[in-house]
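Student: got a predicted model here, sequence first, then my questions.
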Amino acid sequence: MSYHPALLRSLKDFNSGRYFEAHEHLEETLDEVEENADAWELYVGLIQIAVGYHKYASGYPGGEKMLGLGLERVSPLPDVCAGVRLEELRKRVREDLRDHKGVQERLQREPPRIRLAK
């Protein structure tokens, strides 16, 4: 499977805790995926999740709202969408929304990861 270079850059940044940068890479490619409904929903959902974690990591308000919006977008998608494994990410976002007061500390201990399908 061939992955969009911006998606690969985004995942690398996200998995390194650079959530703001991760969202920017995906925003760059939205015009290219708008014809594919699943890819559009995936990219917008990942952008919102990255922004949510950026807000939590930086201590800004609105992290919970952005994580919730992102989860709403990626929840109806298949477990593997455009090569991205979503179930682990959805599970983590749900956990962080349940315990939203501990997210900032948890990001330091065990940051979320986005993984590609093999």
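Tutor: Structure received. Numbering: from 1, shown residues only.
Student: SS state for Pro111?
Tutor: For Pro111, the assignment made with DSSP: H, G, I helix; E, B strand; the rest coil gives coil.
Student: that one against Asp13, yeah?
Tutor: No - judged on Cβ atoms under 8 Å, Pro111 makes no contact with Asp13 at a distance of 11.6 Å. For glycine as for every other residue, the C-beta is placed from the backbone atoms N, C-alpha and C.
Student: where is the longest helix in this structure?
Tutor: Assignment by DSSP state H gives helix 37-58 as the longest helix of the chain.
Student: run the chain-centre distance for it.
Tutor: Distance, stretch centre to chain centre, for helix 37-58: 4 Å (Cα atoms, centre = their mean, to the nearest Å).
Student: again, but for stretch 11-28
Tutor: Mean C-alpha position of stretch 11-28 versus that of the full chain (Cα atoms, centre = their mean) differs by 8 Å.
Student: for the residue nearest the centre of the chain, what are its contacts?
Tutor: The residue lying closest to the centre of the chain (Cα atoms, centre = their mean) is Leu46, at 3.2 Å. Contacts for Leu46 were tallied using Cβ atoms under 8 Å, 6 or more residues apart in numbering; they are Ser10, Phe14, Ala22, His23, Leu26, Gly70, Val74, Val84, Ile114.
Student: switch the cut-off to 7 Å
Tutor: For Leu46, the contacting residues are Leu26, Gly70, by Cβ atoms under 7 Å, 6 or more residues apart in numbering.
Student: same deal with Tyr56?
Tutor: By Cβ under 7 Å, 6+ apart, the residues touching Tyr56 are Gly63, Val103, Gln104, Leu107.
Student: kindly recompute the last result at 10 Å.
Tutor: Going by Cβ atoms under 10 Å, 6 or more residues apart in numbering, Tyr56 touches 19, 62-64, 66-67, 96, 100, 102-107.
Student: much appreciated, bye for now.
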